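Chemist: dropping the sequence and predicted coords here.
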Amino acid sequence: MMKIKTLIYISVVMLSIGFCVPARSQTCFNFENGYQGWEIPVWAFEQKDYVGESAGISSEQSSKGDIALKLMCDFPSRTWAAAIVEFEAKQSLEDERFVSADVFLPRKGKHCQLKARIIVTLGSGWWIMKGKAVELKAGCWNMVTAKFDELTPEEEICAGTAPGNTASAVDLGNIRKIAIRIERDASAWDTVKRYKGPIYFDNIVVGRDT
C-alpha cells in the first residue's frame, strides 16, 4: 500500500512541474486542478498590440472534464492584435511529434476573424517557432495542432539566429515554452468587428500519434 501511495505522489509531482511524457497521445493539461503553470506572460502586458487582459479557471466551457482555462481579451477593429497564454518550463519532447489544444470562441465572435496557433520556444537561443494558424469557428471547440516537423520560424526572433525550416534544426530536446496565440490580421480598411470577451482553452495534448 505504501508503494502505491508513493507512486501516485511521484506522478502528481511530475505533472505539476512540467509536461507529461506520454507513451501515446494523451492529455497533459486539462485545468481540473488549476492553472498548471499556464498564464499570460509578463511581456505581453507591456505590448500595445497584445490584448489579453486576464487568465483564470472557469467551468463555463470545457471540452474534457468540467474546467477550462479562460482568457479575457479585447481585440480592436481594423488593426493587427494578438492574445497569448503560455507554459514555461525546460523540457525534452524529442520523442514526441506534436502538441495540440482545444480552443473555444463564443458565438459573438462569429465575424471577428480570429485565428489560433501554437508557438514553441526552444534551444539555447530561445528561438521562436510557430505552427499553422487555424481559423476559429465560433460557438464550438476547435482543435489547433502544431506538428514538430512542420514548425516555421517566427518573423522576428527574440535572440540568436533562426534555426531554419528543417525538422532536424528544431531542438526538441530543449523546449523552453509552449504557447497558444490568438491573433487577427486586420487593416485600417477592414470592417472586422471588435471582439471583447472570453476565449477558452482545454485538453492540451503532447504525443506521437495524431
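Modeler: In hand now; what should we look at?
Chemist: use CA for all of it now, contacts and neighbours both
Modeler: OK.
Chemist: can you report how many residues lie near Thr191?
Modeler: If you count neighbours by other C-alpha atoms under 10 Å, Thr191 ends up with 12.
Chemist: nearest spatial neighbour of it, skipping sequence neighbours?
Modeler: Arg78 (6.8 Å; C-alpha to C-alpha, 6 or more residues apart in numbering).
Chemist: do the same with Arg97
Modeler: Nearest residue to Arg97 in three dimensions, chain neighbours excluded: Arg208, at 4.7 Å (C-alpha to C-alpha, 6+ apart).
Chemist: pretty sure the one you found contacts Asp95?
Modeler: Yes. The criterion here is C-alpha atoms under 8 Å, and Arg208 meets it with Asp95 at 7.5 Å.
Chemist: these two: which has the busier surroundings?
Modeler: Arg208 (17 against 13).
Chemist: how far away is the more buried one from Cys73?
Modeler: 32 Å (C-alpha to C-alpha, to the nearest Å).
Chemist: render the CA-only coordinates of stretch 36-55 in CSV, please.
Modeler: Taking C-alpha atoms only, stretch 36-55 is exported to CSV below (Å, rounded to 0.1, in the frame of the first residue of the first chain):
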residue,chain,number,x,y,z
GLN,A,36,-1.0,24.0,-14.2
GLY,A,37,1.6,26.8,-14.9
TRP,A,38,-0.3,28.4,-17.8
GLU,A,39,-0.5,32.2,-17.8
ILE,A,40,-0.3,35.4,-19.8
PRO,A,41,3.4,36.2,-19.9
VAL,A,42,4.5,39.5,-18.3
TRP,A,43,6.0,40.8,-21.6
ALA,A,44,2.5,40.6,-23.3
PHE,A,45,1.1,43.1,-20.8
GLU,A,46,3.8,45.6,-22.0
GLN,A,47,2.9,45.3,-25.7
LYS,A,48,0.1,47.5,-27.1
ASP,A,49,-0.8,45.0,-29.8
TYR,A,50,-1.2,42.2,-27.2
VAL,A,51,-4.8,42.4,-25.9
GLY,A,52,-5.1,39.7,-23.3
GLU,A,53,-6.5,41.1,-20.1
SER,A,54,-6.6,38.2,-17.6
ALA,A,55,-6.5,34.5,-17.4
